[in-house]
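Asks: Build me a model:
(one chain, ligands or ions: 1)
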Amino acid sequence: MKFTQPRLPYAPDALVPVISQTTIEYHYGKHEKAYIDTLNSLIEGTPFADMELEEIIRKSDGKLFNNASQAWNHIFYFFQFHPEGKREPSGALKDALTEQFGSVEDFKKKFEEAGATLFGSGWVWLSRDDKGKLFITQGSNASNPMTENLQPLLVFDVWEHAYYLDYQNRRAEYLKKLWDIVDWSVIENRYEE
Ligand code: MN
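Replies: Below you'll find the model as predicted:
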């Protein structure tokens, strides 16, 4: 088995009341595990078995792309949260957010809006290009901005499985609450990589 599921850096009930233990157990424990298991079975005995996950995402399509990208996206999503994280951005990332979106609060509003208006299942992303310019993008299904030469920094999952157990149809409320658990030190490290 080439790819394994990394252990989360917090307890399954640590993000309550924003994300419940049940959602962590289903969303990370079952949905994400299924993407990784399917990815492993699809690449076995193929040239993809020798590639890093990012390379598979860039070079695959169809079912393999969907499972590889979903495997990557969920790790990226769950590892940006922490119950004792840094709650506001600072430094170069804060400067870039302020310059491009007006303020950190304005950025959050635009990001929530992009997540709330995405039709169907998908992801809302903050990414940067190679010059440091920031982009908010909506992506359907398993999409990932790295296929468009952007470096992902922050992502909110807007598939119903991400919020339905805790918020039912209230996607906008779920998006707003996620800011309470984002660890901006993780996002800053991604930005400065
Ligand atoms: Mn998901």
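Asks: C-alpha from now on. contacts and neighbour counts both.
Replies: Fine.
Asks: And residue 169, how far from residue 70?
Replies: Distance, residue 169 to residue 70, using C-alpha to C-alpha, to the nearest Å: 22 Å.
Asks: Residue 180 now?
Replies: Taking C-alpha to C-alpha, one finds residue 180 at 24 Å from residue 70.
Asks: Pick out whichever of the two has more residues nearby.
Replies: Each of residue 180 and residue 70 has its neighbours counted (other C-alpha atoms under 10 Å); residue 70 has more, 23 against 18.
Asks: by contact count, what packs against whichever strand or helix holds the more buried one?
Replies: For residue 70, the host element (DSSP states H and E) is helix 62-78. Counting contacts by 3 or more C-alpha pairs under 8 Å, 6 or more residues apart in numbering; DSSP states H and E, helix 62-78 is packed against helix 33-43, helix 53-59, strand 151-157.
Asks: Just give the closest residue to residue 107, not the sequence neighbours.
Replies: Ranked by C-alpha to C-alpha, 6 or more residues apart in numbering and with sequence neighbours excluded, the top spatial neighbour of residue 107 is residue 101, at 5.3 Å.
Asks: how does this protein divide into domains?
Replies: Under the assignment automatic domain parsing, the domains of the chain span 21-78, 91-192.
Asks: Including mean pLDDT and distance to residue 4, could the ones you listed go into a markdown table?
Replies: Formatted as a markdown table, the domains of the chain follow (pLDDT from 0 to 100; distance: least, C-alpha to C-alpha, whole Å):
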| stretch | mean pLDDT | distance to residue 4 |
| --- | --- | --- |
| domain 21-78 | 98 | 7 |
| domain 91-192 | 97 | 19 |
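Asks: which one of the ones you listed lies closest to residue 84?
Replies: Set against residue 84 and scored by C-alpha to C-alpha, the domains of the chain come closest in domain 91-192, at 7.7 Å.
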